[in-house]
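Engineer: sequence unknown, structure follows:
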């Protein structure tokens, strides 16, 4: 199942997103889940009495999670849906603008889970990877106020000349957990989505020089999208500690980076074990994988021939097998 926030492309500015689900594998047609809920509830009045899913209007995934519903519960609406001729509950993807699959995450913990990426970073410093990295999934907390969705512009922060993309895969927690061991960690995941953990490399360099951060080198933007994919859709791609999902990053149509989620060193289960140790994870929390090996300019801009960091006018498109494409324009910093 693919779940998204979307609205008509020609909708007035500020129009609310609707929660929708894909009706086909490629995400060409989308069902308005609130319309589907109303139809089912009208057809069988017992549903609203027996199930919280049918009792109240569905607005956003964020709101649904606060009710205690898990993402998989929305599948019942798809199962009950019976399409009609010229159905106003169904929209073509070409007519929709998508938003972040989670509009207001309750937290974003971003990990550092790919050895290829970590090795490159530490070798640039002339050092070996610290032993602690192999023993512990390491993360930092990101900024919740600058969440972007597909197509929303990003700009370099003030005083930065080294804007970089970072292709990651993020997992959405959709049930409360605490002290969950790695073997069961993935049971807490409602779905996966693409994440662009934007970086200002020059600001980040200064911060890490004093062994603190990341802070201003990271907190100006994080992009999620285009939709959330439930784990059952990826089951046949299971490989090692994750999934065999090819990842690419393009800038202005040129493929710059290639990687694979299956090369991850710390599994999502291990990350969730670490994140939930002595604290409660809650629905709406996001777990970022860290940069897929080779999937940022810091690692590959020279060997790829691209030779520079991002500038206004660039368009970055991150692609992950089964998870879709996440496109972001780079613009000049607003006055």
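Structural biologist: Here it is on my side, so go on. Note that the coordinates shown come from a computational prediction; the quantities given were computed from them, not determined experimentally. Numbers count the residues shown, from 1 in each chain.

Engineer: Please verify my assumption that residue 188 contacts residue 281.
Structural biologist: Yes: counting by C-beta atoms under 8 Å, residue 188 touches residue 281, with 6.6 Å between them. C-beta coordinates here come from the backbone N, C-alpha and C atoms, glycine included.

Engineer: Spit out the residues that contact the two alike.
Structural biologist: 173, 177, 180, 272 (C-beta atoms under 8 Å, 6 or more residues apart in numbering).

Engineer: Which ones among those lie within strands?
Structural biologist: 173, 177 (DSSP state E).

Engineer: just to revisit the earlier point, residue 188 and residue 281: who's more crowded?
Structural biologist: Shown here are residue 188 and residue 281; by other C-beta atoms under 10 Å, residue 188 has more neighbours (24 against 21).

Engineer: For residue 117, give me the backbone phi and psi.
Structural biologist: Phi and psi for residue 117, reported as degrees, to the nearest 10, are phi -70, psi -50.

Engineer: Which residues are in contact with the nearest residue to it once chain neighbours are set aside?
Structural biologist: Counting by C-beta to C-beta, 6 or more residues apart in numbering, residue 291 is the residue found nearest to residue 117 once chain neighbours are left out, at 4.5 Å. Residue 291 is in contact with 114, 117, 166-168, 197, 299, counting by C-beta under 8 Å, 6+ apart.

Engineer: go with 6 Å
Structural biologist: The contact partners of residue 291, taken as C-beta atoms under 6 Å, 6 or more residues apart in numbering, are 117, 166, 168.

Engineer: and the second one, how far is that from residue 200?
Structural biologist: What that stands for is residue 166. Look at residue 166 and residue 200: by C-beta to C-beta, to the nearest Å, they are 11 Å apart.

Engineer: Quick check: the farthest pair among the shared contacts of residue 188 and residue 281?
Structural biologist: 173 and 180 (10.0 Å; C-beta to C-beta).

Engineer: the more surrounded of the two?
Structural biologist: Neighbours per residue (other C-beta under 10 Å) separate residue 173 from residue 180, with residue 173 holding more: 27 against 19.
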